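**Q** Dropping a prediction and its sequence here:
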Amino acid sequence: MPTLQSLSLLPLLFVLSFPADAAETWYVRADGGNASECDGTADLAYDDSGDNQSCAWSHPFIALPPGGRARISGGDTLHIGPGSYRMGLGAPATENCDAAYSWECHMALIPSGPTPDQPTRILGHGHDDGCTDAPQLWGTERSWMVINLEGSDHVELACLEITDRGSCIEAHCHNGRCDGEVAACQRDQPPFGDWSPTGISARDSSHVLLRNLNIHGMANRGIYAGRLSDWTLERVTIRANGWAGWDGDIGPDSANSGEIVLRQVEIAFNGCAERWPDGEIFGCWAQGGGGYGDGIGTAETGGHWIFEDSRVHHNTSDGIDLLYMTDDGQVTISRTRVEGNAGNQIKVSRSSRISDSVIIGNCGYFTDHANMHDSDHCRGLGDAIYLGLDSGSQTTLSDNIITGQGNCLISTGGSDRHSDLTMSGNFLLGMPYWHDNQTRSCLFYADSSRGTVSWEDNVIEGVRHGYCPGDSRCDPCCGH
């Protein structure tokens with residue numbers, strides 16, 4: 001006979017045995033049906049046999065309708081089949097959109113997963129098999145974003161191509177100071193055309209994994225995101241977005257926290273347009289023409305930014321600009337190649353470590369691009385690495401190859417008596433300075449001598465003044 005105590009446990013056992021909100025799996029494929037025809041629960045085409053069939057939806061907007069409520073729940077998985085999907089006015093399930101405000105016609109917010117271990121997953125075809133045929137989500141009619149993570153936590157996005165087809169840059173060369181091809185998007189009156197400003201827009205978002213994404217050709221920014229915590233990017237390309245690759249300045253409060261990890265990421269040719277469909281790079285511009293051009297840049301931010309096995313190259317301003325770190329922020333860059341960016345290759349502050357990397361400061365790469373100004377080439381004097389050393393920072397550069405055509409290979413600012421910079425095992429090679437090719441790059445410049453700088457076992461060649469600090473091995477060839 002059951003006791004009173006055992007009977008009291010039955011409701012708890014019932015709840016544990018039958019979870020109330022089991023995760024569901026949903027499907028989108030180009031030959032699916034609308035929300036009335038298919039219920040989205042099976043990876044099957046719609047067979048034209050009536051309503052409420054067990055088959056896939058025809059478009060991601062049916063799962064995440066613009067101006068409507070998501071049909072999927074937090075923790076669910078949405079599989080998107082191969083093919084291309086128009087994202088904006090004129091796509092399926094856009095009955096809530098107003099043509100006069102077509103920029104508001106974008107994906108509904110992706111619902112947050114319940115925990116980091118139970119994310120909401122948006123997975124493209126082949127996400128588990130090399131991602132060789134990723135579905136293309138392309139923005140159109142000035143839709144503000146393709147992917148909406150503005151308030152989403154615990155989300156995984158995988159194996160998606162995110163782009164537009166506009167071959168234009170929003171407000172391109174708006175100050176009238178470009179001498180080359182100008183490809184400004186139509187934004188005065190509808191129809192606006194097949195362009196969209198932003199690939200992924202995110203804020204107040206934590207525990208997000210982006211993997212095997214190709215974000216390219218957007219009219220403004222590839223990623224526009226701030227107030228993030230614990231984001232990871234793996235095998236993500238951010239290429240040829242008209243203003244910037246990743247812009248982290250979303251307003252007065254943009255600071256991030258936790259770990260922001262970029263692993264096997266490529267950030268390239270941002271500040272340039274991409275011609276659809278062949279991908280030709282053209283129209284590159286920067287601040288002289290009224291543009292921007294950073295590969296990745298933030299406003300004031302915290303968090304631990306980690307770059308591993310990545311490439312950041314040929315952006316029209318700085319490559320990595322993480323100069324505005326708060327006291328709890330830090331940057332770690334390892335096994336990464338940074339080159340050909342028109343400003344500084346790397347700007348970091350607080351306690352940072354750069355190791356086993358190749359930094360090539362050929363900041364005059366865009367010299368022959370007609371929309372680039374002399375002030376855009378080697379902007380900020382083009383120093384390959386700039387280090388902010390205030391607040392007692394402990395910074396290390398070790399086992400890197402560093403070269404460049406800026407004023408100096410390495411420069412620092414803001415050091416205090418508690419800061420410590422160690423440079424060990426690096427190969428440092430000076431080149432002729434782009435702004436004065438009769439002068440070679442200097443090795444190192446510090447605007448303050450209050451901190452400690454240690455040089456250990458470096459090899460130095462081709463710098464002006466023959467400066468040979470510590471126990472460095474130096475080629476004394478160049479004295480000017």
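**A** Nice, thanks for sending it over. Residues are numbered from 1 along each chain as shown.
**Q** count of residues packed around the residue nearest to His369 when sequence neighbours are not counted?
**A** Nearest residue to His369, sequence neighbours excluded (C-beta to C-beta, 6 or more residues apart in numbering): Cys284, at 4.7 Å. C-beta coordinates here come from the backbone N, C-alpha and C atoms, glycine included. Close neighbours of Cys284, defined as other C-beta atoms under 10 Å, add up to 29.
**Q** how about low-confidence regions in the stretch 251-400 of the chain?
**A** Within the stretch 251-400 of the chain, no stretch has pLDDT under 70.
**Q** And stretch 173-185, what's buried?
**A** 173, 178, 180, 182-185 (16 or more other C-beta atoms under 10 Å).
**Q** Which one of those residues is nearest to Arg69?
**A** Cys185 (30.8 Å; C-beta to C-beta).
**Q** Distance of the closest residue in space to the closest one that isn't next to it in sequence relative to Tyr85?
**A** Using C-beta to C-beta, 6+ apart and skipping the chain neighbours, the partner closest in space to Cys185 is Cys168 (4.0 Å). Counting by C-beta to C-beta, to the nearest Å, the gap from Cys168 to Tyr85 is 21 Å.
**Q** that older thread, helices - which of the buried residues of stretch 173-185 land there?
**A** If you go by DSSP state H, the buried residues of stretch 173-185 have nothing in helices.
**Q** For these, please prepare a markdown table with the additional fields pLDDT and distance to Gly248.
**A** Output for the buried residues of stretch 173-185, formatted as a markdown table (pLDDT from 0 to 100; distance: C-beta to C-beta, whole Å):
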| residue | pLDDT | distance to Gly248 |
| --- | --- | --- |
| Cys173 | 98 | 24 |
| Cys178 | 97 | 26 |
| Gly180 | 96 | 29 |
| Val182 | 98 | 28 |
| Ala183 | 98 | 26 |
| Ala184 | 98 | 25 |
| Cys185 | 98 | 23 |
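**Q** Which members of these are the farthest-apart pair?
**A** Between any two of these (C-beta to C-beta), the greatest distance is 16.7 Å, for Gly180 and Cys185.
**Q** in this structure, which spans are helices?
**A** Using DSSP H, helices in the chain cover 4-17, 60-63.
**Q** Ile320 and Ile296, how far apart?
**A** 6 Å.
**Q** Leu428 contacts Glu461, doesn't it?
**A** Yes - look at Leu428 against Glu461 with C-beta atoms under 8 Å: they come within range, at 7.4 Å.
**Q** more neighbours, the two?
**A** Leu428 (26 against 16).
**Q** So what pairs up with that one in the strands?
**A** Leu428 has the following beta-bridge partners by DSSP bridges: Ile402, Ile460.
**Q** Looking at it now. What's its pLDDT?
**A** Per-residue pLDDT puts Leu428 at 98.
**Q** contacting residues for it?
**A** Leu428 makes contacts with 402-403, 409-410, 443, 458-461, 463, as judged by C-beta atoms under 8 Å, 6 or more residues apart in numbering.
**Q** Kindly present those residues as a markdown table, with separate columns for distance to Tyr101 and pLDDT.
**A** Output for the contacts of Leu428, formatted as a markdown table (distance: C-beta to C-beta, whole Å; pLDDT from 0 to 100):
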| residue | distance to Tyr101 | pLDDT |
| --- | --- | --- |
| Ile402 | 49 | 98 |
| Thr403 | 50 | 98 |
| Leu409 | 50 | 98 |
| Ile410 | 49 | 97 |
| Leu443 | 55 | 97 |
| Asn458 | 58 | 98 |
| Val459 | 60 | 98 |
| Ile460 | 59 | 97 |
| Glu461 | 59 | 96 |
| Val463 | 57 | 95 |
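**Q** Quick check: of the buried residues of stretch 173-185, which lies closest to Gly302?
**A** Cys185 (34.4 Å).
**Q** mind listing what's buried in stretch 315-326?
**A** 315-325.
**Q** how about the buried residues of stretch 173-185 in a markdown table, adding distance to Gly470?
**A** Output for the buried residues of stretch 173-185, formatted as a markdown table (distance: C-beta to C-beta, whole Å):
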| residue | distance to Gly470 |
| --- | --- |
| Cys173 | 47 |
| Cys178 | 46 |
| Gly180 | 46 |
| Val182 | 50 |
| Ala183 | 50 |
| Ala184 | 52 |
| Cys185 | 53 |
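**Q** any idea which of these is the one closest to Ser49?
**A** For these, the nearest to Ser49 is Cys185 (42.6 Å; C-beta to C-beta).
**Q** check contacts around that closest one.
**A** Neighbours of Cys185 in contact, by C-beta under 8 Å, 6+ apart: 142, 166, 168-172, 192-193, 195, 219.
**Q** What's the end-to-end length of stretch 326-338?
**A** End-to-end span of stretch 326-338 (C-alpha to C-alpha, to the nearest Å): 24 Å.
**Q** how close does the residue lying closest to Ser349 once chain neighbours are set aside get to Arg450?
**A** Once flanking residues are discounted, Ser349 sits nearest to Gly388: 2.9 Å by C-beta to C-beta, 6+ apart. Separation of Gly388 from Arg450 (C-beta to C-beta): 14 Å.
**Q** cool, Gly242 as well?
**A** 42 Å.
**Q** Settle it for me: which of the two has more neighbours?
**A** More neighbours surround Gly242 than the other of Gly242 and Arg450, with 32 against 13 (other C-beta under 10 Å).
**Q** Skipping adjacent residues, who's closest to the more buried one in space?
**A** Ile169 (3.2 Å).
**Q** per-residue confidence for the one you found?
**A** 98.
**Q** residues contacting it?
**A** 183-185, 219-220, 242-243, 273, 283, 285, 291.
**Q** Take those residues and write them to CSV, including distance to Gly130.
**A** CSV is the format used below for the contacts of Ile169 (distance: C-beta to C-beta, whole Å):
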residue, distance to Gly130
Ala183, 34
Ala184, 38
Cys185, 34
Ala219, 30
Asn220, 30
Gly242, 30
Trp243, 32
Ala273, 29
Gly283, 33
Trp285, 36
Gly291, 36
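**Q** and Ile200, bridged to which residues?
**A** Beta-bridge partners of Ile200, as defined by DSSP bridges: Ile147, Ile223.
**Q** Any figure for the gap between the residue positioned nearest the centre of the chain and His106?
**A** By C-alpha atoms, centre = their mean, the chain has its centre lying nearest to Trp246, at 3.8 Å. Distance of Trp246 to His106, computed by C-beta to C-beta: 19 Å.
**Q** again with Pro114
**A** Counting by C-beta to C-beta, the gap from Pro114 to His106 is 25 Å.
**Q** which one of these two has more residues nearby?
**A** His106 (27 against 16).
**Q** The nearest residue to the more buried one once chain neighbours are set aside: how many residues sit nearby?
**A** Leaving aside its chain neighbours, His106 sits nearest to Ser143 (4.7 Å; criterion: C-beta to C-beta, 6+ apart). Neighbour count of Ser143, defined by other C-beta under 10 Å: 28.
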